[in-house]
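**Q** Let's see this in three dimensions:
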Amino acid sequence: MTEDMQALWQELLSLVRDKSYERRRVVLASGRESDFYVDGKQTALHPRGAYLIGRLFFDRLRGFGEVEGVGGMTLGADPLATATSLVSQLQGRPVPAFIVRKEPKGHGTRRWIEGGKNLRPGARVVVLEDVVTTGGSSLRAIERIEEEGYAVLGVLALVDREEGGRQAIESRGYRFEALFTKADVVG
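**A** Presented below is the predicted three-dimensional model:
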């Protein structure tokens, strides 16, 4: 990571700690209990946070090869995909965003994916996540994306809670990267 990217990473970590991290008991989407919570949307919906996520995610996409689209399960991935796509345009290498619905559209196309018209058939895509715990949400998104005919290169997350998600995703043959781990955020 260049010195410039390292400075952006440090700034984003400060924002994640300030806007997204809470020390309290919660039940996570996975059903597990935890003594801390990370709500990545709070940082991703902050103007500076969105910019920093877009810059750092776009920089990390190079490690996945030739990426033709970014997106993931609504709602957590929506601001991440938008920020990354916008930064890609500003950097002169446009990468379209897409959204994976939790349920297929009830009328019209009945598809799982929104934004698919911006992707060629078989496009190589990366799944974006705000927070990964067990990897279940990422794997559901991958399944839906592959059902639509796209090739998933891997998963890029804002925060890895280090609770088995990386292993679950990698055991299925996908690359996994996160900007931050639990250790980074909790300190």
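**Q** Just give the closest residue to E114, not the sequence neighbours.
**A** Distances taken as C-beta to C-beta, 6 or more residues apart in numbering put I99 closest to E114, at 4.3 Å, once the chain neighbours are dropped. Glycine gets a C-beta too; all of them are placed from N, C-alpha and C.
**Q** Helix, strand, or coil at the one you found?
**A** Here I99 is recorded as strand under DSSP: H, G, I helix; E, B strand; the rest coil.
**Q** residues in contact with it?
**A** G71, G72, T74, A77, D78, A81, I113, E114, G115 (C-beta atoms under 8 Å, 6 or more residues apart in numbering).
**Q** what does the model give the last one for pLDDT?
**A** The one in question is G115. On pLDDT, G115 comes in at 96.
**Q** With the third one instead?
**A** As summarised for this prediction, T74 has a pLDDT of 96.
**Q** Take the contacts of I99 and keep only those in helices.
**A** Cross-referencing the contacts of I99 against helices under DSSP state H gives D78, A81.
**Q** Looking at the residue nearest to E114 now. What's its pLDDT?
**A** 98.
**Q** what's across from it in the sheet?
**A** G72, E114 (DSSP bridges).
**Q** With V152 instead?
**A** Note on V152: beta-bridge partners V125, judged by DSSP bridges.
**Q** ok, it touching I142?
**A** Yes: with contact defined as C-beta atoms under 8 Å, V152 reaches I142; the gap is 4.9 Å.
**Q** shared neighbours of the two, which are they?
**A** Joint contacts of V152 and I142 (C-beta under 8 Å, 6+ apart) are V127, Y174.
**Q** any idea which helix is longest in this structure?
**A** Max-length helix for the chain by DSSP H is helix 47-61.
**Q** got the contact list for that one?
**A** So helix 47-61 is contacted by 1, 5, 8-9, 11-12, 15-16, 19, 42-44, 67, 70, 79-80, 82-88, 91, 95, 126, 128, 156, 158, 177, 179 (C-beta under 8 Å, 6+ apart).
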